[in-house]
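Student: Sharing a model prediction with you, sequence too.
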Amino acid sequence: MNADRFGLGWRPRLAAGILANLDRIDIVEVIADDYFRASRHERRPLRTLAAQTPVTLHGVSLGLASAVPVETKRLDDMARLCGEVTPEFWSEHLAFVRGGGIEIGHLAAPPRTDATIEGALANLARAKQIVGVAPQVENVATLIDPPASDRDEAAWLSAIIRNSESKLLLDLHNLYANSLNFHFNSKEFIERVPREGIETIHLAGGKWIGRDGAQRLLDDHLHDVPDPVYELLEEVAARAPQPLTVILERDGNFPSIESLLDQLDRARQAVRRGRERLTPAPGVAA
Amino acid sequence: MNPFDLPGPEFLLFFIGLSALAILALIVTRKIAERSAAAKLDLSDPYLIAYLRGAEPETLRVAAVSLIDRGLLVATGTQLKAAEKASPDAVRKPIEKELLRKFKRSDEASAIFDDSRLRATCKPYEETLKNAGLLPSEAITGARWTRLLIACGVLGGVAIVKILIALERGRTNVWFLIILMVLAIVVAVKISFPRLTESGTAMLADLQNLYSGLRDRALFLRPGGATIEPLMLAAVFGVGALTGANFGYTSVLFPRAKAAAAANSTRGSSCGSVSSCSSSSSCGSSCGGGCGGGCGGCGG
């Protein structure tokens, strides 16, 4: 049975297109933080949306990958929203977003050390305790290799996934951007993270910034998904036999809904190709 | 203290309080009784949403605009006529087929509201919405009548007993009480039968919130059936919400809808839409920030 699902990030700009094409969209991802300060009455449309199609909540402000504990108020907000909307799951980034009371306005990659692994694990345990369900955690894109790191991203991410109850939301464009910016093999990365831990995939696009010799691929969510990201999706589908939820993120410079649906169809094809190549994990009978 | 022993003016105050209480009880019990979990609807059907918002007239207006936008109906002033190439067999939905038949010969656009065959094509939408609990079914209407009769029974009973007591005591100045009783019952009847159920009202408000981004871009929507957006805008907010030169014909064909939309927009129906928070490109997902406070930036 193929239970892979393909969906879009909910943006008001795309509302008409999404709601008119729910036969081609299996799931919708909503940015949870947009609703934290809303009244109960203002959050009700989310319940209506969730009645039409499966919904997931995606956080962007908890700052899980930090030695500083996540503020209880933020987790309470997430818990309340999850209680009202009853999403299929919720997710958040493995990033730090504030320090010393200063919001840095960015999903920053933390130093990859034992300290940030322990901090993230403690935050994930608190998140599960307060919200009731552990979040799926997402790898972030970064334009600088985090200083003071003593391991690479795959090792750091794997340690967190293996030692927590959280599953991995693997953002393939973030992975692709990091692999180009820091010259590592993205397919090897996919091999090294726990395949059984991958549940959700993010797809997006970006653009090159900087001058010759110091160029970086920026994950800006304003461009179409590039071909290599579909290839990475096929790789994941070929290695992870469990059902995958694939979400296409687009934050601006919006194309037509048809274009976004075409990109979802390309994602479906990539997963299908991967499934055809699916190899059982070592020790598992075919 | 027996309220029936109260002197006239005091009893009138008591009766006004009792009426207010009865009307409040009617409103609250109706809201509670008609509240249910959000219904699942076919949101790809603009005519269903239009029916939810404004019954047959709105559904027919939206259908007419849809056909005009697709070049199947031609608007000339206040008149409509099917395009030469347009055939009822070329469209799928019964309401569209019937509209093309209706305007095989040129006629006033407002004629759609008096056509029983056209109105009949809206019946399936009514049934769907009734089944979803968004329009009152027979059972819901029955429950509304029951609550209304109880309230009227209490108000009428109290008033009649007091009148009988007053007459028995030789007082004939009961007209104020009779007027108050009639007023209270009229108000009770008025508030007992809204067109939508509580769930229907909530669903419509939620849809208008979810589509708020569309309303903000009304000026920039492309005509010509290129996207479903103009049609959904008309379905969710009314034909009058279609603004800009591309849809100028709507104000000529349906001036009343245009006026209603103008009145609605001055009330600011899109205010309080939380979802508009993420409508800007800088504050969507993890790339950007600001909404909700402390969002991360690009990289997510």
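Tutor: Thanks, I have it. Predicted, not measured: the structure shown is a model, and the values here were computed from it. Numbers count the residues shown, from 1 in each chain, chains lettered A, B, ... in the order given.
Student: which residues does the closest residue to residue B:193 other than its chain neighbours contact?
Tutor: Once flanking residues are discounted, residue B:193 sits nearest to residue B:144: 6.0 Å by Cβ to Cβ, 6 or more residues apart in numbering or on different chains. C-betas here are computed from N, CA, C, even on glycine. Shown in contact with residue B:144 (Cβ atoms under 8 Å, 6 or more residues apart in numbering or on different chains): B:30, B:136, B:192, B:193.
Student: which SS class is the residue of the stretch 1-150 of chain B found nearest chain A?
Tutor: Per Cβ to the nearest Cβ, the residue of the stretch 1-150 of chain B with the smallest distance to chain A is residue B:38, at 3.7 Å. Secondary structure state of residue B:38, per DSSP: H, G, I helix; E, B strand; the rest coil, is coil.
Student: close enough to count as contact, it and residue A:51?
Tutor: Yes. Using Cβ atoms under 8 Å, residue B:38 makes contact with residue A:51 at a distance of 3.7 Å.
Student: Distance of the closest residue to chain B within chain A relative to residue A:207?
Tutor: Using Cβ to the nearest Cβ, the closest approach of chain A to chain B is made by residue A:252 at 2.4 Å. Between residue A:252 and residue A:207 the distance, using Cβ to Cβ, to the nearest Å, works out to 12 Å.
Student: tell me the centre residue of chain B?
Tutor: The centroid of chain B falls nearest to residue B:53 when counting by Cα atoms, centre = their mean (3.8 Å).
Student: And it, how close does it get to residue B:124?
Tutor: Shown here: residue B:53 relative to residue B:124, a distance of 16 Å by Cβ to Cβ.
Student: in the lengthiest helix in chain A, what's buried?
Tutor: What stands out as the longest helix in chain A, according to DSSP state H, is helix A:257-276. By neighbour count on 16 or more other Cβ atoms under 10 Å in any protein chain shown, the buried set for helix A:257-276 is A:257, A:260, A:261, A:263, A:264, A:266, A:267, A:268, A:270, A:271, A:273, A:274.
Student: which non-adjacent residue is nearest residue 16?
Tutor: Answering for chain A, as no chain was given. With Cβ to Cβ, 6+ apart as the criterion, residue A:16 has its nearest non-adjacent residue at 4.3 Å, and that residue is residue B:232.
Student: actually chain B
Tutor: Here the residue nearest residue B:16, using Cβ to Cβ, 6+ apart, is residue B:180, at 6.6 Å.
Student: List the contacts of that neighbour.
Tutor: Shown in contact with residue B:180 (Cβ under 8 Å, 6+ apart): B:12, B:15, B:16, B:19, B:159.
Student: Which parts of chain A are strands?
Tutor: Along chain A, counting by DSSP state E, strands occupy A:5-9, A:27-31, A:55-58, A:90-93, A:96-99, A:102-108, A:136-138, A:168-171, A:198-203, A:207-209, A:216-218, A:245-248.
Student: near chain A, which residues of the stretch 1-150 of chain B show up?
Tutor: Within the stretch 1-150 of chain B, the positions near chain A by Cβ under 8 Å from any Cβ of the partner chain are B:37, B:38, B:39, B:40, B:41, B:43, B:44.
Student: By neighbour count, which of those wins?
Tutor: The most neighbours of any of the residues of the stretch 1-150 of chain B next to chain A, using other Cβ atoms under 10 Å in any protein chain shown, belong to residue B:43, which has 25 neighbours.
Student: For residue A:1, report the pLDDT, please.
Tutor: Here the pLDDT value assigned to residue A:1 is 48.
Student: And for the one 3 residues further on?
Tutor: The predicted local distance difference test score for residue A:4 is 97.
Student: tell me how far the longest helix of chain A is from the chain's mean position?
Tutor: Chain-centre distance of helix A:257-276: 18 Å, with Cα atoms, centre = their mean, to the nearest Å.
Student: For stretch B:213-227, report the contacting residues that lie outside it.
Tutor: Contact with stretch B:213-227 is made by A:11-17, A:256-257, B:66, B:69-71, B:208, B:229-230, B:232-233, B:236-237, B:241-244, B:246-247, B:270, B:275-276, B:279, as judged by Cβ under 8 Å, 6+ apart.
Student: My error: substitute stretch A:10-18 in the last question.
Tutor: Stretch A:10-18 is contacted by residues A:8, A:25, A:28-31, A:49, A:55, A:250-251, A:254, A:256-257, A:260, B:210-214, B:216-217, B:227-229, B:232-233, B:273, B:275-276, B:278-279, B:284 when judged by Cβ under 8 Å, 6+ apart.
Student: and what of stretch A:22-31?
Tutor: Defining contact as Cβ under 8 Å, 6+ apart, one finds that stretch A:22-31 is touched by A:5-10, A:18, A:46, A:49, A:52-60, A:85, A:87-88, A:245, A:247, A:249, A:261, A:264-265, B:43-44, B:278, B:284-286, B:291-292.
Student: Pick the most buried one from the strands of chain A.
Tutor: Neighbour counts (mean count of other Cβ atoms under 10 Å in any protein chain shown) averaged over each of these peak at strand A:90-93, with a mean of 28.
Student: Need the nearest residue in space to residue B:209, chain neighbours excluded.
Tutor: Using Cβ to Cβ, 6+ apart, the closest residue to residue B:209 is residue A:45 (4.2 Å).
Student: now the chain, which segments are flagged as low pLDDT?
Tutor: The chain I'm using is chain A. The model of chain A has pLDDT under 70 over residues A:1-2, A:279-286.
Student: You answered for a different chain; I wanted chain B.
Tutor: Short version for chain B, where the test is pLDDT under 70: B:225, B:258, B:261-300.
Student: Please enumerate the helices of it.
Tutor: Counting by DSSP H, the helices of chain B are B:8-33, B:46-69, B:94-102, B:116-120, B:123-131, B:138-168, B:175-192, B:198-210, B:212-216, B:229-237, B:249-253, B:255-266.
Student: Distance to residue A:227 for those - can I get that in TSV?
Tutor: As requested, these are exported to TSV (distance: least, Cβ to Cβ, whole Å):
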stretch	distance to residue A:227
helix B:8-33	54
helix B:46-69	36
helix B:94-102	41
helix B:116-120	51
helix B:123-131	43
helix B:138-168	55
helix B:175-192	61
helix B:198-210	33
helix B:212-216	30
helix B:229-237	29
helix B:249-253	43
helix B:255-266	45
